[in-house]
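# Generate coordinates for the sequence data below:
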Amino acid sequence: MANVFKKAANYLGLAEDDEEFTAIPAVPETRRSVRAVAQAVTSRPTFTQVSQPAQQDALPIMDQIFTIHPRFYNEARVVGERYREGQPVLMNLTDMDESERKRLVDFASGLVFGHHGSIERVTSKVFLLTPPNVRVSSENKTAAAEASFFNQS
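Okay, the predicted model is just below:
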């Protein structure tokens, strides 16, 4: 029986053959084992679908956006806690120093990436963090920009 596996390994190139290839005797058990090895090698691989990271089964109803006007980087914790709860967060960073503003935007970007959400710049210092179950439509933004109040033509 060991000879059969050695011959199969030689045939598949998994081992070096020390002797010339000789025919395998026609024993039914040997044929089945060689066929099984050959079939296992030539069969197509099976792929299993990997599920996405576990999401909350009951997603909260979005009826408000949490707005924060941080002055210091220490308030990043509040942003993270609200976002992890599944609530959209609007960060107005106009009252922050430039260096702390960059740190908070980097933190928010990592937070959003880790939870499969999105971050969008509303103005140069205002950012909207949305969880994966919330979509922001760009069509409404362009329509609102075109239909300006001062457009009297």
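
# just for this structure, where's the confidence low?
Across the chain, the ranges flagged by pLDDT under 70 are 1-2, 16-62, 138-153.

# now what about the helix ranked longest in it, what contacts it?
In the chain, with assignment by DSSP state H, the single longest helix is helix 98-114. With contact meaning CB atoms under 8 Å, 6 or more residues apart in numbering, helix 98-114 is reached by 70, 72-73, 76, 79-80, 83, 89, 91, 93, 96, 117-119, 125, 127, 129. Just so you know, the C-beta spots here come from the backbone N, C-alpha and C atoms, and that holds for glycine as well.

# helices and strands around the one helix or strand residue 80 maps to, which ones?
Residue 80 is located in helix 76-84, with elements delineated by DSSP states H and E. Counting contacts by 3 or more CB pairs under 8 Å, 6 or more residues apart in numbering; DSSP states H and E, helix 76-84 packs against strand 66-68, strand 89-92, helix 98-114.

# If we use 6 Å, what do you get?
The contact analysis (3 or more CB pairs under 6 Å, 6 or more residues apart in numbering; DSSP states H and E) places helix 76-84 against strand 89-92, helix 98-114.

# Give me the buried positions along the shortest one.
When neighbours are counted by 16 or more other CB atoms under 10 Å, the buried residues of strand 89-92 are found to be 89, 90, 91.

# Stretch 113-123: which residues count as buried?
Buried-residue list, stretch 113-123, by 16+ other CB under 10 Å: 115, 117, 118, 119.

# Sorry, slip of the keys, the one I care about is stretch 81-96.
Buried residues in stretch 81-96 (16+ other CB under 10 Å): 82, 83, 86, 87, 88, 89, 90, 91, 93, 96.

# Turn those residues into CSV, columns for distance to residue 105.
What follows is those, written out as CSV (distance: CB to CB, whole Å):
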residue, distance to residue 105
82, 16
83, 14
86, 21
87, 19
88, 16
89, 12
90, 13
91, 8
93, 7
96, 10
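
# Farthest pair within the residues you listed?
Greatest spacing in the buried residues of stretch 81-96, by CB to CB: 86 and 96 (25.3 Å).

# if we can go back for a sec, so which of the buried residues of stretch 113-123 belong to strands?
118, 119 (DSSP state E).

# Among the buried residues of stretch 113-123, give me the pair with the biggest separation.
Farthest-apart pair in the buried residues of stretch 113-123 is 115 and 119; separation 10.8 Å (CB to CB).

# Could you give the number of residues near residue 127?
Applying other CB atoms under 10 Å, we find 22 residues neighbouring residue 127.
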